[in-house]
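Student: Please find the sequence and the predicted model below.
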Amino acid sequence: MSAQAVRRGLLALLAKEPMYGARLRSEFEQATGGTWPLNVGQVYTTLNRLERDGLVVGGGGADDEGRILYAITEAGHAEVDHWWSSPIDHASDPRDELAIKIALAVTLPGVNATGLLQAQRRSTLSHLQGLNRLKRRASSEGDQAWQLVLDRLLFAAEAEVRWVDHVDALLSVHPLPAARKESR
Amino acid sequence: MSDVVLEIAHVTHVHGTGAAEVRALAGVSLTVHAGELVAVMGPSGSGKSSLLALAGGLDVPTSGDVVIEGRSLARASARERAAMRRRHVGYVFQDLNLVPSLTAAENVALPLELDGVRTRDARAQAVAALEGVGIEGLADRFPDDMSGGQQQRVAIARALVGPRRILLADEPTGALDTATGDVVLGVLRSRIDDGAAGVLVTHEPRHAAWADRVVFLRDGMIVDESGDVVEPVFTDQVLAAELAGGDDA
Ligand SMILES: Nc1ncnc2c1ncn2[C@@H]1O[C@H](COP(=O)(O)OP(=O)(O)OP(=O)(O)O)[C@@H](O)[C@H]1O
Ligand SMILES: [Mg+2]
């Protein structure tokens, strides 16, 4: 998971009340249904960075048991409020391997883009089918939190298939042979 | 899984004649067993509705055959075909085909009554089917007084009611939001799990995911088929990476 997501998640938890690192870690894992386990080191690295950036303060040294209580600052609150009020921008992520792969496939000569797209569609659909099975089981077991996580994954996989279909349709309207390269 | 309920064998289907001739299907074969749901996907005009119409005996192939519950449709008379269709096939049309002069419950009860179920029993089953798709409160409304999504659910209830073992649905979730779509497909899926065989035409990948198999049509031919379904096994790390959506996991 992204360091950014951990950072914002921990900060949002601290907006509720000051906490020790260990408690913060367990609250974070609980809030995310145990699906995003954190190690202690990760928590403390993140807290150190947050402190460096003035978003939290570690309350005046360790207590008898060697624990430090962390509290959010004004600036930290502002950051959390901003996080809640703005959507997460996936579109700007340049490191989407599939996007790069397909972009290359349709540009480079000699790559079977249609075959690649079909293979991707088949694979992502199988993944969707598997997710659907897990969701049916979660539903019959009444596990709502897990169902919501699975829905998130289902929508993401569906978006991938739709995008593959879209690229495929574009390619069938405008085939991209080496001709385009020559005209440049 | 040897209980073949529906067999489509090498069908070719040509609409129209002469200059207006369109070959909608070109040698398609598909076998569906009891307990199996097959999704059909493919671009617009690839032949999905044409294939479903042949599977349900609404139309006859130009060549090839369709066998439902062990009986050949090609060799049946028009009248026998109609009887087989009524007895064995539940069909959700892409354009719904509800009877406007009948209420929701009457629309759903209609195929049961045609099969000789008594009116009161048919009504009770119809209301239960409407309940299954979440609109029991609309049993006595006429189609024109319902939203598109509500009408769609009436059409689905009508197809799923009764003991018919071949369930064919052409874009049954087009007018539904995703949560309602899931409810409706859950109802279809449980009929399949109870031993029916189904074919679901859909553009929606997440709806196709309810199927055991997905076939892809293009230009009237099956060009690909999804492999075996493997349930994803998530280690915490994999799951975290998936949820992070490629950030920097
Ligand atoms: N009654 C008809 N007369 C003539 N041509 C037809 C008829 N029905 C369908 N076709 C043609 O047959 C081909 C396949 O049509 P079909 O309706 O099966 O496609 P489809 O995959 O269901 O498309 P969509 O996703 O748009 O519903 C198309 O080229 C269509 O124009
Ligand atoms: Mg169609």
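Tutor: Structure received. Ligands and ions are numbered 1, 2, ... in the order given.

Student: Grab the longest helix from the chain for me.
Tutor: All of this is about chain A. helix A:144-173 (DSSP state H).

Student: Correction: the question concerned chain B.
Tutor: helix B:178-193.

Student: So for residue 61, what's the pLDDT?
Tutor: Unless you meant another one, I'm taking chain A. Per-residue pLDDT puts A:Gly61 at 68.

Student: nope, chain B
Tutor: For B:Pro61, the pLDDT comes out at 94.

Student: How are the helices of chain A distributed by residue range?
Tutor: Using DSSP H, helices in chain A cover A:3-14, A:21-31, A:40-52, A:74-85, A:97-107, A:113-140, A:144-173, A:179-182.

Student: So which of those helices is nearest B:Leu138?
Tutor: B:Leu138 lies closest, by CB to CB, to one member of these: helix A:113-140, at 24.8 Å. Where you see a C-beta, it was placed from the backbone N, CA and C, and this is true even at glycine.

Student: Off-centre distance for the closest one?
Tutor: Mean-position distance between helix A:113-140 and its chain equals 19 Å (CA atoms, centre = their mean, to the nearest Å).

Student: Show me what counts as buried in it.
Tutor: A:113-114, A:116-118, A:120-136, A:138 (16 or more other CB atoms under 10 Å in any protein chain shown).

Student: Over to stretch B:124-136?
Tutor: Neighbour count says stretch B:124-136 has B:125-127, B:129-130, B:132-136 buried, by 16+ other CB under 10 Å.

Student: What lies in contact with that stretch?
Tutor: Identification of contacts with stretch B:124-136 by CB atoms under 8 Å, 6 or more residues apart in numbering or on different chains yields B:104-106, B:108-109, B:112, B:117, B:138-139, B:150, B:153-154, B:156-158, B:160-162, B:180, B:183-184, B:187.

Student: Output that stretch as PDB, nothing but the C-alphas.
Tutor: Extracted C-alpha coordinates of stretch B:124-136, given in PDB (Å, rounded to 0.1, in the frame of the first residue of the first chain):
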ATOM      1  CA  ALA B 124     -49.200 -16.300  -5.100                       C
ATOM      2  CA  GLN B 125     -46.100 -17.500  -7.100                       C
ATOM      3  CA  ALA B 126     -46.000 -14.200  -9.100                       C
ATOM      4  CA  VAL B 127     -46.100 -12.100  -6.000                       C
ATOM      5  CA  ALA B 128     -43.300 -14.200  -4.400                       C
ATOM      6  CA  ALA B 129     -41.300 -13.800  -7.600                       C
ATOM      7  CA  LEU B 130     -41.800 -10.000  -7.500                       C
ATOM      8  CA  GLU B 131     -40.700 -10.100  -3.900                       C
ATOM      9  CA  GLY B 132     -37.500 -11.900  -5.000                       C
ATOM     10  CA  VAL B 133     -36.600  -8.900  -7.100                       C
ATOM     11  CA  GLY B 134     -37.700  -6.400  -4.500                       C
ATOM     12  CA  ILE B 135     -40.900  -4.900  -6.000                       C
ATOM     13  CA  GLU B 136     -43.700  -6.900  -4.300                       C
END
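
Student: Let me see the mean pLDDT of it.
Tutor: Per-residue scores along stretch B:124-136 average to 93.

Student: Please apply the same query to stretch A:169-184.
Tutor: 59.

Student: partners of the strand or helix carrying B:Val199 in the sheet?
Tutor: Assigned by DSSP states H and E, B:Val199 belongs to strand B:197-201. The pairing partners recorded for strand B:197-201 under DSSP bridges are strand B:37-41 (parallel), strand B:166-170 (parallel).
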